[in-house]
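just need the structure, nothing else, for what follows:
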Amino acid sequence: MHGDELAKKLEAILASGATYKAVAERAQCDSSTVYRIRTGAIANPSYSVGRAIDEMHAALSKAAA
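Predicted structure coming up:
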């Protein structure tokens, strides 16, 4: 997954009220990593981090539907 997509998904997750810390705990990474993905400093994060963000976004989308 491309960093641009993840950054947009992170924006939605964070706008829903989640914190950097909550996302980082779910992705099993540091909150600074989440911040750097959001700002584009990390364009290609590890698979596990990208997948966790993708799963959080999918759950958020299901809850909104």
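
let me know the helix or strand that the closest residue to residue 42 other than its chain neighbours is in.
Excluding the flanking residues, the one nearest residue 42 by CB to CB, 6 or more residues apart in numbering is residue 36, at 4.5 Å. In short, each C-beta sits where N, CA and C put it, glycine included. Element membership for residue 36 (DSSP states H and E) is helix 31-39.

next one: that helix to chain centre, how far?
8 Å (CA atoms, centre = their mean, to the nearest Å).

next structured bit after that helix?
helix 47-64.

what helices and strands are in contact with that following helix?
helix 3-15, helix 20-27, helix 31-39 (3 or more CB pairs under 8 Å, 6 or more residues apart in numbering; DSSP states H and E).

low-confidence ranges in this structure?
By pLDDT under 70, the low-scoring segments of the chain are 1-3.

still on that earlier bit, contact partners of the helix holding residue 36?
Helix 31-39 has contacts (CB atoms under 8 Å, 6 or more residues apart in numbering) with 3, 6-7, 10-11, 14, 20-21, 23-24, 27, 42, 45, 49, 53.

relative orientation of it and helix 3-15 in degrees?
With axes from the mean of the first three to the mean of the last three CA atoms, to 10 degrees applied, the angle from helix 31-39 to helix 3-15 works out at 110 degrees.

circling back to that earlier point, for residue 62, which of the helices and strands packed on helix 47-64 is the nearest?
Minimum separation from residue 62 across those (CB to CB) falls at helix 3-15, 12.6 Å.

buried residues in the closest one, which are they?
3, 6, 7, 9, 10, 13, 14 (16 or more other CB atoms under 10 Å).

repeat that for stretch 42-53.
Buried positions in stretch 42-53, judged by neighbour count with 16+ other CB under 10 Å: 42, 45, 49, 50, 52, 53.

right, I'll leave it there.
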